[in-house]
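A.B. asks: here is the input, now give the coordinates:
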Amino acid sequence: MSSQRTALVLGGGGITGIAWEVGVLAGLAEAGVDLGTADLVVGTSAGSVVGASLRSGTPVEELYAAQLAPPEAAPVARLGRGTLARYGLAMLLARRDDVAFRRRIGRLARAAADSGRTPSPEERRAAITAALPSAQWPDRPLVVTAVDAESGEFTTFTRSSGVELVAAVGASCAVPGVYPPVGIDGHRYMDGGMRSPANADLAARYDRIVVIAPLPRGAGPMTSVDAQVTGLVSRVAVVSPDRASLSAIGNNVLDPAAREPSARAGRAQAATVAERVRRVWQD
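C.D. replies: Presented below is the predicted three-dimensional model:
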């Protein structure tokens, strides 16, 4: 089956999404399914952190252990009611025009940053740098997604883009209204999840695809994972949180206190999906 090209798609989901995805990857590896061998890794938001970490060559058990470490004392970010209400209004006014929706969300993101309601760009860069095992692009293919916060256009970054990995991942993780857009080459970029929770269609040309998606459903113009994989001729397995994982993740995906239980829940869930994933990845 060496001619069968494989793709791993890692979706967005905040701090708990990072932990849960790493837990799933660790549990699958323990079960004999090593997704780190993927020919392509696509990372969106939280998935960009996990994808870059996995591609760095750091053993998955080491990545998992890091998620179990107690969080540092710091203010807990969250998507406030006001921000969520603005998201809802943007969806309503865009009337399912996805680019128009993203432009409206981009205005929200820029305004929040420019008014000082988000951490500074320097603080976010430091946080992203600390979250990555390496600041260098990996040798093996990694695609990081983002959205231009002014035009609303969807963007992908790769090693050949000439953009720093820390900047690319920071852009992909720039949740509008919570974290500042990242300036790259005269543009400001925000969370790639504003197009789709996982952007699984970027792997459409691959034969075997595994999607690990903490937030599989889209809202408004944001396309769901199921919609993107339906109709693909590829063999596809989608893994999203089960009931126990959802309970561990909790109501605030940006809460570091939920990181450890999310990682443990992801690892436990991996045992229940390992055979299904193996059939897609290896059989």
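A.B. asks: list phi and psi for Val211.
C.D. replies: When read as degrees, to the nearest 10, the backbone of Val211 gives phi -110, psi 120.
A.B. asks: was I right to think Ser172 contacts Phe154?
C.D. replies: No: here Ser172 does not reach Phe154: they are 11.4 Å apart, not a contact under C-beta atoms under 8 Å. The way it works is simple: take the backbone N, C-alpha and C, and place the C-beta from them, glycine included.
A.B. asks: neighbour count: these two, which is higher?
C.D. replies: Using other C-beta atoms under 10 Å as the criterion, Ser172 and Phe154 rank with Ser172 on top: 32 against 18.
A.B. asks: tell me the contacts of that one?
C.D. replies: By C-beta atoms under 8 Å, 6 or more residues apart in numbering, Ser172 lies in contact with 43-45, 48, 144-146, 157, 189, 191-192.
A.B. asks: from the residues you listed, which is closest to Ala248?
C.D. replies: Here the nearest of the contacts of Ser172 to Ala248, counting by C-beta to C-beta, is Ser45; it sits at 19.0 Å.
A.B. asks: per-residue pLDDT, the closest one?
C.D. replies: pLDDT, Ser45: 98.
A.B. asks: swap in Ser2?
C.D. replies: For Ser2, the model assigns a pLDDT of 49.
A.B. asks: and what of the one 5 residues further on?
C.D. replies: Reading off the confidence values, Ala7 has pLDDT 97.
A.B. asks: give the closest residue to Thr58 in space, chain neighbours not counted.
C.D. replies: Closest residue to Thr58 apart from its sequence neighbours, by C-beta to C-beta, 6 or more residues apart in numbering: Pro133 at 4.4 Å.
A.B. asks: touching, the one you found and Pro59? I think so.
C.D. replies: No: Pro133 is not in contact with Pro59 according to C-beta under 8 Å; the separation is 10.0 Å.
A.B. asks: please say which of these two ends up with more neighbours.
C.D. replies: Neighbour count, other C-beta under 10 Å: between Pro133 and Pro59, Pro133 has more, with 15 against 12.
A.B. asks: am I right that the more buried one is in a strand?
C.D. replies: No: per DSSP: H, G, I helix; E, B strand; the rest coil, Pro133 lies outside any strand segment and is coil.
A.B. asks: ok, it - contacts?
C.D. replies: 53, 56, 58, 63.
A.B. asks: Throw these into a markdown table and include pLDDT and neighbour count, thanks.
C.D. replies: Shown next, in a markdown table, are these (pLDDT from 0 to 100; neighbours: other C-beta atoms under 10 Å):
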| residue | pLDDT | neighbour count |
| --- | --- | --- |
| Ser53 | 98 | 26 |
| Ser56 | 97 | 17 |
| Thr58 | 97 | 16 |
| Leu63 | 98 | 23 |
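A.B. asks: could I get these in CSV, plus columns for secondary structure and distance to Ala271?
C.D. replies: Listed next are the contacts of Pro133 as CSV, based on DSSP: H, G, I helix; E, B strand; the rest coil; distance: C-beta to C-beta, whole Å:
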residue, secondary structure, distance to Ala271
Ser53, helix, 22
Ser56, coil, 26
Thr58, coil, 23
Leu63, helix, 18
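A.B. asks: need the max-distance pair from those.
C.D. replies: Ser56 and Leu63 (9.0 Å).
A.B. asks: find the least confident helix or strand in this protein, judged by mean pLDDT.
C.D. replies: helix 81-94 (a mean of 81; mean pLDDT, DSSP states H and E).
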